[in-house]
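In: Take this sequence and fold it.
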Amino acid sequence: MTNRERLLTLIQGKIPDFVPVAPDFSNMIPAKLTGKPFWDLYLYNDPPIWEAYIDCAKYFDIDAVMDGYFPLTFETDKADAEWQPFIVFKDSERIVIQKSQVIANQRYWQNTVDVYYVADPPNDGTFT
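Out: Have a look, this model is predicted:
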């Protein structure tokens, strides 16, 4: 059986050729395998973290299930589209992004920032 066949067999309640192996390596190992700073993946989508996860699963030849890489969005989330991200701080360890929008010729800034690290996943919505 292929990795895909093995997982589909298990999901259907049938018995695969052997127990699927799907270790939880979350996002840390896929991100590190790219050799790029984490902010490349999370801020610039270069490559997107889901693509790094697939490459990692292929690298280790595991039976992988992608869970949580495509977040559910709702119609109310579209209001965020009006907010533009700006880099307000950058050093060798982190990039800090704050979003703002212009309403009636007045710029408004969110009271939270997103912090993207060189070697760790980001912190979203940190209060300033």
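In: Roughly how far does the residue most central in space within the chain sit from K32?
Out: The centroid of the chain falls nearest to I49 when counting by CA atoms, centre = their mean (4.8 Å). Distance of I49 to K32, computed by CB to CB, to the nearest Å: 12 Å. The way it works is simple: take the backbone N, C-alpha and C, and place the C-beta from them, glycine included.
In: pLDDT value on D80, please?
Out: Listed pLDDT for D80 reads 56.
In: what do you get for the one 4 residues further on?
Out: The confidence metric pLDDT takes the value 93 at Q84.
In: so who does it touch?
Out: Counting by CB atoms under 8 Å, 6 or more residues apart in numbering, Q84 touches K99, S100, Q101.
In: which helix in the protein runs the most residues?
Out: Scanning the chain for the helix with the most residues, using DSSP state H, yields helix 49-60.
In: Pull out the buried residues from it.
Out: Residues of helix 49-60 classed as buried: I49, W50, A52, Y53, C56, A57 (neighbour count, 16 or more other CB atoms under 10 Å).
In: any idea of the mean pLDDT for it?
Out: Here helix 49-60 scores 90 as its mean pLDDT.
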